[in-house]
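Trainee: My questions concern the predicted model and sequence given below.
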Amino acid sequence: KVLAGYQGTALIEKKLSQKLGIARCIVLPGNADKQHGVIDSFGRRLNQLLGSILPEGKSIVSVTGGTTMARVAQNLSSNLSKNRKLLFLPARGGLGESVMIQANSVCAEMALKTHGQYRALYLPEDISAESFESLQKESSIKSVLDLIYKSNVVIHSIGTASIMADRRNLSPEEKMNVLDSNAVSEAFGDFFDQRGRLVYKVPRIGLHVRDLDKIKYVIAIAGGQKKADAIKSYMNNAPTHTVLITDEGASELILRDN
Ligand code: G3H
């Protein structure tokens, strides 16, 4: 079903922001589950949005990984660097994604497309929580972490818990814990249930959802009908200044449910 022009879209965006309890929603045509180009349109819309909110001069943009973010990155453009010096950083390190969709690769691609710069966080996988504690104090890692906390904007996606439990390199016990706790959504390695309660945390370093309150702009990007439940679950706990870029496929389902 095609939305009835700008006014129809504006109304849907308003209703969706109210329902999700966040500052703003941008709803783009289509359903990302079925139309590949929808994620590209998220990227182009993100480019416009960043162009309108980022100040001139230096800006730090932190990003998460995933298939959505990897595709979004390809649609940013160099006009963003006009009068700006952009630095892209991975919001979290070592989340066990395959290389192409790691936050490190997403920020490298965004830097390439916008003619900005990037720094990577190279962290080993599958090491103990104690080792992560000491790694955070390493100067090469600490310098990136310090910059991440100074981000002007954080851009992230929202994952479906069952899919992310597979992708995050969890042990069989951890995976069972996540699924037994009725997790529905995942963002930044944090898993949330239907009501937005944090039910599991992957012990990794970098930004956590709780840190987002201190970041001026937070942009979430997720679309497709299959992500509707995950978006609803995550937004129960999201900072209220979050801006969501999504599609008709997800928004129609979210608005339909009570
Ligand atoms: O944390 C959320 C995930 O990175 C989302 O990944 O875009 O591949 O669904 P996805």
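Mentor: Cool, got the structure.
Trainee: pLDDT score for the residue in the chain that the ligand sits nearest to?
Mentor: Per C-beta to the nearest ligand atom, the residue of the chain with the smallest distance to the ligand is Gly66, at 2.6 Å. Backbone N, C-alpha and C define where each C-beta goes, glycine included. At Gly66, the model reports a pLDDT of 94.
Trainee: ok, the residue lying closest to it once chain neighbours are set aside - how many residues close by?
Mentor: Excluding its sequence neighbours, the residue lying closest to Gly66 (C-beta to C-beta, 6 or more residues apart in numbering) is Ser157, at 4.6 Å. By other C-beta atoms under 10 Å, the residues close to Ser157 number 28.
Trainee: quick one: contacts for Ser157?
Mentor: Residues in contact with Ser157, defined by C-beta atoms under 8 Å, 6 or more residues apart in numbering, are Thr64, Gly66, Thr68, Met69, Ala187, Ala220, Ile221, Ala222.
Trainee: Give me the subset of the residues you listed lying in helices.
Mentor: Residues of these located in helices (DSSP state H): Thr68, Met69.
Trainee: closest to Ser98 among the contacts of Ser157?
Mentor: Nearest to Ser98 among the contacts of Ser157: Gly66, at 10.6 Å, using C-beta to C-beta.
Trainee: Could you give the backbone dihedrals for that closest one?
Mentor: Taking degrees, to the nearest 10, you get phi 110, psi 170 for the backbone angles of Gly66.
Trainee: neighbours around it, how many?
Mentor: 26.
Trainee: The one 3 residues further on now?
Mentor: Neighbours of Met69 under the rule other C-beta under 10 Å: 29.
Trainee: I figured it was touching Gly159, is that so?
Mentor: No - contact criterion C-beta atoms under 8 Å: Met69 and Gly159 do not qualify, at 10.5 Å.
Trainee: lowest-pLDDT helix or strand in this structure?
Mentor: Least confident helix or strand of the chain, by mean pLDDT, DSSP states H and E, is helix 129-135 with a mean of 78.
Trainee: In contact with the residue of the chain closest to the ligand, which residues?
Mentor: Going by C-beta under 8 Å, 6+ apart, Gly66 touches Glu97, Ile101, Val106, Ser157, Gly159.
Trainee: 7 Å - rerun?
Mentor: Contact partners of Gly66, counting by C-beta atoms under 7 Å, 6 or more residues apart in numbering, are Ile101, Ser157, Gly159.
Trainee: near the ligand too, which of the residues you listed?
Mentor: When C-beta under 6 Å from any ligand atom is applied, the members of these adjacent to the ligand are Ser157, Gly159.
Trainee: Can you add pLDDT and give the contacts of Gly66 back as a markdown table?
Mentor: Converted to a markdown table, the contacts of Gly66 look like this (pLDDT from 0 to 100):
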| residue | pLDDT |
| --- | --- |
| Ile101 | 91 |
| Ser157 | 97 |
| Gly159 | 96 |
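Trainee: Out of the contacts of Gly66, which comes closest to Ala91?
Mentor: Nearest to Ala91 among the contacts of Gly66, with distances taken as C-beta to C-beta, is Ser157, at 10.8 Å.
Trainee: Report the distance from stretch 37-55 to the chain centre.
Mentor: 14 Å (C-alpha atoms, centre = their mean, to the nearest Å).
Trainee: how about it against the ligand, any contact?
Mentor: No - judged by C-beta under 6 Å from any ligand atom, stretch 37-55 makes no contact with the ligand; its nearest approach is 8.5 Å.
Trainee: Not counting that stretch itself, show me its contacts.
Mentor: Outside stretch 37-55, the residues touching it (C-beta under 7 Å, 6+ apart) are 26, 28, 30-32, 68, 71-77, 79-80, 84, 152-153, 155, 217, 219, 221, 223, 245, 247.
Trainee: I'd like the average pLDDT over it.
Mentor: 97.
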